[in-house]
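J.: Sequence plus predicted model, see below.
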Amino acid sequence: MSMIKDSDKVEIRKILAALENDVKIVFFTQEHECQYCMHTRELLQELAELSDRLHLEIYDFVKDADRVKKYGIDKIPAIVLEGDRDYGIRFYGIPAGYEFSTLLEDILDVGRRNPGLDSKILAELAKVDKPVHMQAMVSPTCPYCPGAVRIAHKFAMASEFITGDMVEVSEFPQLAVKYGVQGVPDTVINEDFKVIGAMPEMSFVKEVLKSIGK
């Protein structure tokens with residue numbers, strides 16, 4: 001059974017026709033695939049067929065240790081979006097439900113090589129001078145979660161110091177327990193700083209700066 005409906009494929013082709021540059025989708029799974037690994041791979045394979053600008057690479061989490069180390073992958077299923085470089089954009093878990101639109105929007109940003117942030121936001125992000133790891137804890141049925149993930153990914157594109165993760169909490173319940181996630185979206189910054197809910201980009205960047213003492 002196809003992961004993407006034929007009617008949706010027509011619309012997605014139109015969306016992806018706007019891609020200005022090639023985008024590499026790097027996917028990590030394993031030989032004996034977990035349920036979500038299998039579904040995620042099938043989803044990405046179908047998506048990659050919808051544009052000549054999309055290039056899917058699939059690696060084994062166990063066998064391809066060099067690639068795992070290169071991208072800093074610590075759990076699967078994992079997706080990396082790359083343009084001219086690795087921007088630090090990560091998806092952990094299947095980008096289903098509302099998060100599928102996030103994946104498409106991220107692909108367009110990477111294709112433009114531009115996160116589409118206001119100059120004032122970029123000026124604030126330029127103050128980030130140490131590693132920042134943003135983990136946006138989400139669920140596929142949460143309508144507010146894509147906003148938090150998009151901010152994490154846009155910030156990652158804009159700053160070489162920032163890595164932005166989408167983490168689907170039902171697939172990684174141990175992380176929900178570790179970080180005390182009571183609801184989503186819940187963004188964990190550098191392990192011990194949290195931003196609950198969705199907020200405007202400027203408010204979010206101020207929280208990022210606060211998390212590193214600025």
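T.: In hand now; what should we look at?
J.: Now do the same for residue 91: helix, strand or coil?
T.: Following DSSP: H, G, I helix; E, B strand; the rest coil, residue 91 is assigned to strand.
J.: For beta bridges, what are the partners of it?
T.: As for beta bridges, residue 91 partners with residue 79, residue 166 under DSSP bridges.
J.: Looking at per-residue confidence, what score does it get?
T.: Predicted confidence (pLDDT) at residue 91: the value is 98.
J.: Isn't it up against residue 73?
T.: No: the pair residue 91 and residue 73 does not pass the contact test of C-beta atoms under 8 Å, sitting 10.9 Å apart. For every residue, glycine as well, the C-beta is placed using N, CA and C.
J.: With neighbour numbers in mind, choose between those two.
T.: A direct count of neighbours by other C-beta atoms under 10 Å for residue 91 and residue 73 places residue 91 higher, at 27 against 20.
J.: Could you check how far that one is from residue 100?
T.: From residue 91 across to residue 100, the span is 10 Å (C-beta to C-beta, to the nearest Å).
J.: And the protein, what are its domain boundaries?
T.: Domain ranges of the chain: 6-86, 119-211, per automatic domain parsing.
J.: just the strands in the protein please.
T.: Assigned by DSSP state E, the strands in the chain fall at 23-29, 54-60, 78-82, 86-92, 132-138, 162-168, 186-189, 193-196.
J.: With distance to residue 123 added, can I get these in TSV?
T.: Shown next, in TSV, are the strands of the chain (distance: least, C-beta to C-beta, whole Å):
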stretch	distance to residue 123
strand 23-29	27
strand 54-60	32
strand 78-82	25
strand 86-92	19
strand 132-138	16
strand 162-168	15
strand 186-189	20
strand 193-196	20
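J.: So which of the ones you listed is nearest residue 116?
T.: strand 86-92 (13.0 Å; C-beta to C-beta).
J.: Who are the packing partners of that closest one?
T.: Applying 3 or more C-beta pairs under 8 Å, 6 or more residues apart in numbering; DSSP states H and E, one finds that strand 86-92 contacts strand 78-82, helix 98-112, helix 145-158, strand 162-168.
J.: mind checking which of the strands of the chain is nearest residue 119?
T.: strand 162-168 (17.6 Å).
J.: by contact count, what packs against the closest one?
T.: Using 3+ C-beta pairs under 8 Å, 6+ apart: strand 162-168 touches strand 86-92, helix 98-112, strand 132-138, helix 145-158.
J.: Could you point out which of the ones you listed sits nearest residue 214?
T.: Using C-beta to C-beta, the nearest of the helices and strands packed on strand 162-168 to residue 214 is strand 132-138, at 10.7 Å.
J.: What pairs with that closest one, parallel or antiparallel?
T.: Its sheet considered, strand 132-138 pairs with strand 162-168 (parallel), strand 186-189 (antiparallel) by DSSP bridges.
J.: any idea how far the first one is from the chain center?
T.: Strand 162-168 has its C-alpha centroid displaced from the chain centroid by 5 Å (C-alpha atoms, centre = their mean, to the nearest Å).
J.: Since that was my last question, I'll sign off now.
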